[in-house]
Every structure is written in C-alpha cells, then in structure tokens.
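Asker: coords please:
(one chain, ligands or ions: 1)
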Amino acid sequence: MMFKPVMTLCAGVCAAMVAGCARSQGPDDGTRYSFALQDGFQRLSGELSFSGDADGASQIRLPGAWGPEAGLDGQFSDFRVSVAGGRFEPVLVIDGVIHLEHAASAPLVLRYEFSQDYEGLPQWGVQRVPGLRPVTQPDFAVFVGAAAFPHPVWSDDRTPSYSVSFSQDGLPVSARSSLGDGSRLDTGPIPASRFLDTLWILGGFDQASRVVNAVNIRTALRGDLPLAPDEIQTQSEHMIAGAADLFRDTPFETYLIVAMPLPPLPDQSAVIGTAFHQTFMLLTTANAPAEEIRHTVSHEVLHEWITGRMGPTDTDTDPSRMWFTEGFTEYFTLLVRLRVGDLDLDGFLAAINALEAHYQASSVRTMTRMELIDHVWDSRETERLPYQRGALLAFLADGRAAAGGSDRLADVLAGLIDEA
Ligand SMILES: [Zn+2]
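Answerer: The predicted structure is shown next:
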C-alpha cells in the first residue's frame, strides 16, 4: 500500500494524503505548534498559535478521517482559545471545525489535549490497520500529521511556515519526522497538505542515519522485524538510486524509513507499507518472509515517483486510478529491483508470472473497471485486482515498446514527472 496523494491498501494499506494546492504567497506569521508530553508519551498538551484571517473569521479543522481510520476527533479534548492575548475560554467543535471570530488578523492560540483513543498497543479489530491510527504509549509515540494536528483553514492567500516543538517537564524532547530531527523543527513556507503529509516519531525507536550518494537515509525502527535494520536501509538506498536513474530524476536530500511490528495473526503474516512525503512506513508481523519486506520497502520507495513526483491527486477518486498508482508502481518496483541486481531475470519473470497466475485465479477477474471503483475495498481479491491488471498492462506495453523500438514506458513516465 501506499498512503500518498492516494490512500490505497498496499498489501493492506497504501497511505493517502491530503491533496492541497499551494496558495500564492501572502502574509506569513508562521503557524506554531508546541507539545508538552505527559505520562511518558501518553498524552500531549498541545498549543497551536497563528494569526487569524484578515476578514475576522477563522476556522480550525480537526482530523476526522485519515486513510483507513475514522472518528479521529475522539483523540482530542479540552479545547480552549485565546484571542488577541485575551483569556483562554472553552470553545465548541461543530462538525469537526472550531469557528472563531476576531479582529482582523488577530493572534489566536488554541490549547488542547491529545492522546490515542483506545487501550494499550494497536490491535487487529480495534484499528482497521493497527499502527496507522496515532499511537501514544508510555515509552513511545508515532503519528501521521494529518491524523493528529488540528490545523487552521484560511480564506486568505497564505502559504505559512510551520514550527513544531516537543518538551517534557520543561526539557526539550527530540522528534524525528520528514521535516527533520530535533526538539524544534521549522519549515519554510509550505502548503498545509505538505505539512500534514508527515510521520512523527517520539521515544523508543532505534534511530540511525546514513548518507549515500548525497542522500541521507534516516531510519526509525522498532520491535521484532523480519529483515535486519541494515538490510532495510540498504534496500531503500538501492531503490532510491535505481528509480532516480530510471526516471532521470534527482532524489530528495533526505528520506525517513519507519518500521514497526503489527500484532501477530493466527496462521498468517502481514506486511503493510505506506508512503508519505519523503517518508516510508512499514508495518509487519514478526513472521513475514524477508522477501516480502524487501519488496514492500521497494514498492513504497517507487511511490515517490508514482505518483509522488507527478503532483497532488484527489484522494476521493483514488480507486479509479489504482490500476496506475498501484499497478504501474508494482511493475516498476520489479523492474528497478531487476536493474539494481536485487532480482535476477528469472526472479523478475517469476514475479510477473505469479501476478498473472493470481490474476487468472482471481474470482473477481471479470469485474468491470467501473464496478471495481465502487468495490475495491470489499475484499483482499478486489484490492489486489488493480495491482494485477496495472502491472500486467505495464509489462505488456513496455514489452511492445521495447520490441517496436519506441520510447520505453519509463521514458513516458519520466516525461510526466518532468511536466509536474
Ligand atoms: Zn502502493
């Protein structure tokens, strides 16, 4: 799966992000979050500061649904607001939105409490995908920005900068995210969608960093993983370099790879990947085959280019594009793995043949494209169908292009990425 401008279940879940358009540059007083941690990492007292709209009416939106998880507003409590330096007063949340009226461009401060809204560690049957709903525990916390940050929605033209800081008992606490490492992280002016498309790591993760070919791969790994940390890091490095080469593109300077365990399943294993901006998350049961981890890491990295580098997409219509966003990603994952020597030709063809065999055996194989758009999440077979169709279509088209001497599929995609 990947969660990017697409929320798809990659082998479970592919993450999706909020598609947002950058506004033209306007006033930027910055949007500042500061969090005081309580009871280890179990509760965060948050403070959000920003300047209100010039028209005297502002809105703060709470996370409601993100990816596979819904009802996220239940994680928040004790909302209080100070307008223009005045006293903090309780405020109502109406349909997930706090409405504020104030003098033009008045400074606004929202205080609130935030914590996970379930008992204990993530579990199957409690969250749709254990680990994607925010986790706040005694020894660690991990959350997706879009699932955890109440955020202002402006009517005026504004692309603010953001600042996020964490502390405990007045002392700074370091966090790791796609925005950087440290107890205080500052961005330049960026769209809200970019700010929210992040993962935040606090506390008990094994963290490492390695710079290869001027790309800094940072990892945050936790628990019993079926692939060694060094192999996860190396696989990511190879795939980033291989995909950048294939699509004639320059990678970002830094990426974050996060992996943590899924709770065990009776008699089976599960691996779920999710892609965010410059960030890839892997959730896996301890008994998953190492090859599946290798493939899922590779697939998530490929989402950086399909469709991350192609611009924002509309999450509501994702299922109609999964043949491309997932199917083509799956084909190019295999192709790049072949090019970097991670698969030999026999291994590549075996993987294509396996896709074809699963497709032929699929009980939903004859579903029309329109039917599938409405029913893609109905079952594991419907979820997999766009992967199978898209990957086989890409294999066929690329093979014909190669045989006919015309541009290969990667060249066509490189053109799309260039345009974006
Ligand atoms: Zn995917």
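Asker: Ile417 versus the residue nearest to the spatial centre of the chain, what's the distance?
Answerer: By Cα atoms, centre = their mean, the mean C-alpha position of the chain lies nearest to Phe276, the distance being 3.0 Å. As judged by Cβ to Cβ, to the nearest Å, Phe276 and Ile417 stand 18 Å apart. Where you see a C-beta, it was placed from the backbone N, CA and C, and this is true even at glycine.
Asker: which helix or strand in the protein has the lowest average pLDDT?
Answerer: In the chain, no helix or strand scores lower on mean pLDDT, DSSP states H and E than strand 2-8, which sits at a mean of 35.
Asker: just the pLDDT at the residue nearest to the centre of the chain, thanks.
Answerer: In this model, Phe276 is scored at 89, pLDDT.
Asker: so what's it closest to, chain neighbours aside?
Answerer: Asp197 (5.2 Å; Cβ to Cβ, 6 or more residues apart in numbering).
Asker: and for that neighbour, the neighbour number?
Answerer: 29 (other Cβ atoms under 10 Å).
Asker: wait, it sits on Thr274?
Answerer: No - under the criterion of Cβ atoms under 8 Å, Asp197 makes no contact with Thr274, lying 10.9 Å away.
Asker: surely Ala220 touches Ile201?
Answerer: Yes - at 4.5 Å, Ala220 counts as touching Ile201 under the criterion of Cβ under 8 Å.
Asker: neighbours of the closest residue to Gly188 other than its chain neighbours, how many?
Answerer: Spatial nearest neighbour of Gly188, chain neighbours left out: Ser161 (5.6 Å); criterion: Cβ to Cβ, 6+ apart. Other residues within reach of Ser161, judged by other Cβ under 10 Å, total 15.
Asker: I'd like the distance between Ser161 and the ion.
Answerer: Distance of Ser161 to the ion, given as Cβ to the ion, to the nearest Å: 31 Å.
Asker: pLDDT value on that residue, please?
Answerer: Looking at Ser161, its pLDDT is 94.
Asker: do Glu69 as well
Answerer: Per-residue pLDDT puts Glu69 at 88.
Asker: who's in contact with it?
Answerer: Counting by Cβ atoms under 8 Å, 6 or more residues apart in numbering, Glu69 touches Gln127, Arg128, Val129, Leu132, Arg133, Ala147.
Asker: what is the nearest of the residues you listed to Trp305?
Answerer: Nearest to Trp305 among the contacts of Glu69 is Leu132, at 22.9 Å by Cβ to Cβ.
Asker: assumed that closest one was part of a strand.
Answerer: No - read with DSSP: H, G, I helix; E, B strand; the rest coil, Leu132 is coil and lies in no strand.
Asker: wait, it sits on Val144?
Answerer: Yes - if you go by Cβ under 8 Å, Leu132 and Val144 touch, sitting 7.0 Å apart.
Asker: quick check: Val258 is in a helix.
Answerer: No - read with three-state DSSP, Val258 is strand and lies in no helix.
Asker: and for it, the neighbour number?
Answerer: With other Cβ under 10 Å as criterion, Val258 counts 26.
Asker: just the pLDDT at it, thanks.
Answerer: So, for Val258, pLDDT stands at 96.
Asker: would you quantify the distance from it to the ion?
Answerer: For Val258, the distance to the ion equals 16 Å [Cβ to the ion].
Asker: what's near enough to touch that residue?
Answerer: Counted by Cβ under 8 Å, 6+ apart, Val258 has contacts Val142, Leu199, Ile201, Phe205, Thr219, Ala220, Leu221, Thr279, Phe280, Met281, Leu282.
Asker: which residues does the last one form beta bridges with?
Answerer: So the one you mean is Leu282. Beta bridges link Leu282 to Ala259, Gly273 when assigned by DSSP bridges.
Asker: what do you get for the fifth one?
Answerer: Taking DSSP bridges as the rule, Thr219 bridges to Ala208, Ile257.
Asker: report the separation between it and the ion.
Answerer: Applying Cβ to the ion, the value for Thr219 to the ion is 20 Å.
Asker: looks like that residue contacts Leu225 (just checking).
Answerer: No - counting by Cβ under 8 Å, Thr219 stays clear of Leu225, with 10.7 Å between them.
Asker: overlap of the contact sets of these two?
Answerer: Residues within reach of Thr219 and of Leu225 at once, by Cβ under 8 Å, 6+ apart, are Ile232, Ala259.
Asker: got the contact list for the helix or strand that contains Ile373?
Answerer: Element membership for Ile373, per DSSP states H and E: helix 369-375. Applying Cβ under 8 Å, 6+ apart, the contact partners of helix 369-375 are Pro319, Ser320, Trp323, Val364, Met367, Thr382, Leu385, Pro386.
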